[in-house]
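Engineer: The following comprises the amino acid sequence and a computationally predicted model.
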Amino acid sequence: AQTVTQSQPEMSVQEAETVTLSCTYDTSESDYYLFWYKQPPSRQMILVIRQEAYKQQNATENRFSVNFQKAAKSFSLKISDSQLGDAAMYFCAYRSGGSNYKLTFGKGTLLTVNP
Amino acid sequence: DTEVTQTPKHLVMGMTNKKSLKCEQHMGHRAMYWYKQKAKKPPELMFVYSYEKLSINESVPSRFSPECPNSSLLNLHLHALQPEDSALYLCASSQSSGVLYNEQFFGPGTRLTVL
């Protein structure tokens, strides 16, 4: 079974600075997808960024980017120019390729942004 | 419309009550999900419906009964719940299996308290 590990239960960053959240996963599959979800205090889970295992290029969405290291099974999220609205729980998630619905979530990292 | 809606936002019920949670999406998605989330934990998958048929049941107790009346609606019927069932119940939807990424879009959740 696949596992997803987020080794940082909590992180903090100063407003306007950069922070990196770590995520590692364990799988023997070659076809899979990785996601970062954000869950602010309002509780709605929002998709931040996604990555396909076959794509070598790291995904980027505005201030959010990933460092996808397939051989190391690492999928870290970098948030640049942090804003107060970035404060949230961040979950890393894995989904097997093909006709598979299940997401395997990490335990989450609670990010605090200090003004 | 890229939204998943859930009603009610909050629900308090006794252990002998029967209640239902409702989820709706108008994105044309053919897969819908129920998750249970405890505080500061990742969501736990309960059920998946694919093309209005139950595809996955993660060994959920029978006091939780899902229903998918049509491709846009998903209900979760609750009966004889226990206090430990108190949690945030999240609904999600996605296009369908076999689609690239097939990322899940989450609703805001129903906060359930069982007395």
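Structural biologist: Great, that's in hand.
Engineer: hey, what's A:Leu47 bridged with?
Structural biologist: Beta bridges link A:Leu47 to A:Tyr37 when assigned by DSSP bridges.
Engineer: was I right about it contacting A:Gln39?
Structural biologist: No - in this structure, A:Leu47 is not within contact of A:Gln39 by CB atoms under 8 Å, at 10.8 Å. Quick note: C-beta positions are derived from backbone N, CA and C, even for glycine.
Engineer: Looking at the two, which one has more neighbours?
Structural biologist: A:Gln39 (22 against 16; other CB atoms under 10 Å in any protein chain shown).
Engineer: ok, now which ones touch that one?
Structural biologist: The contact partners of A:Gln39, by CB atoms under 8 Å, 6 or more residues apart in numbering or on different chains, come to A:Met45, A:Ile46, A:Ala88, A:Met89, A:Tyr90, A:Phe91, A:Gly108.
Engineer: repeat that for 7 Å
Structural biologist: For A:Gln39, the contact set (CB atoms under 7 Å, 6 or more residues apart in numbering or on different chains) comprises A:Met45, A:Ala88, A:Met89, A:Phe91.
Engineer: For the third one, what is the enclosing helix or strand?
Structural biologist: Under the criterion of DSSP states H and E, A:Met89 resides in strand A:88-96.
Engineer: what's the neighbour count on A:Ser12?
Structural biologist: The burial count for A:Ser12: 12, using other CB under 10 Å.
Engineer: Count the residues that sit near A:Ala71.
Structural biologist: 5.
Engineer: meant to ask about B:Lys19
Structural biologist: Neighbour count of B:Lys19, defined by other CB under 10 Å: 17.
Engineer: buried ones in the helix or strand containing it?
Structural biologist: Assigned by DSSP H and E, B:Lys19 belongs to strand B:18-25. For strand B:18-25, a neighbour-count test (16 or more other CB atoms under 10 Å in any protein chain shown) marks B:Lys19, B:Leu21, B:Lys22, B:Cys23, B:Glu24, B:Gln25 as buried.
Engineer: Any chance of these in JSON lines with pLDDT as columns?
Structural biologist: Below are these laid out as JSON lines (pLDDT from 0 to 100):
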{"residue": "B:Lys19", "pLDDT": "96"}
{"residue": "B:Leu21", "pLDDT": "98"}
{"residue": "B:Lys22", "pLDDT": "98"}
{"residue": "B:Cys23", "pLDDT": "98"}
{"residue": "B:Glu24", "pLDDT": "98"}
{"residue": "B:Gln25", "pLDDT": "96"}
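Engineer: Next, work out how far apart the spatially most central residue of chain A and B:Leu76 are.
Structural biologist: Central residue of chain A (CA atoms, centre = their mean): A:Trp36, 3.2 Å from the mean position. Noted for A:Trp36: a distance of 27 Å to B:Leu76, by CB to CB, to the nearest Å.
Engineer: what do you get for A:Ser30?
Structural biologist: 35 Å.
Engineer: Can you pull the residues of chain A lying near chain B?
Structural biologist: With CB under 7 Å from any CB of the partner chain as the criterion, chain A comes near chain B at residues A:33, A:35, A:43-45, A:47, A:50, A:52, A:91, A:98-103, A:105-108.
Engineer: Buried only: go through the residues you listed for me.
Structural biologist: Judged by 16+ other CB under 10 Å, buried ones among the residues of chain A next to chain B: A:33, A:35, A:43-45, A:47, A:50, A:52, A:91, A:101, A:103, A:105-108.
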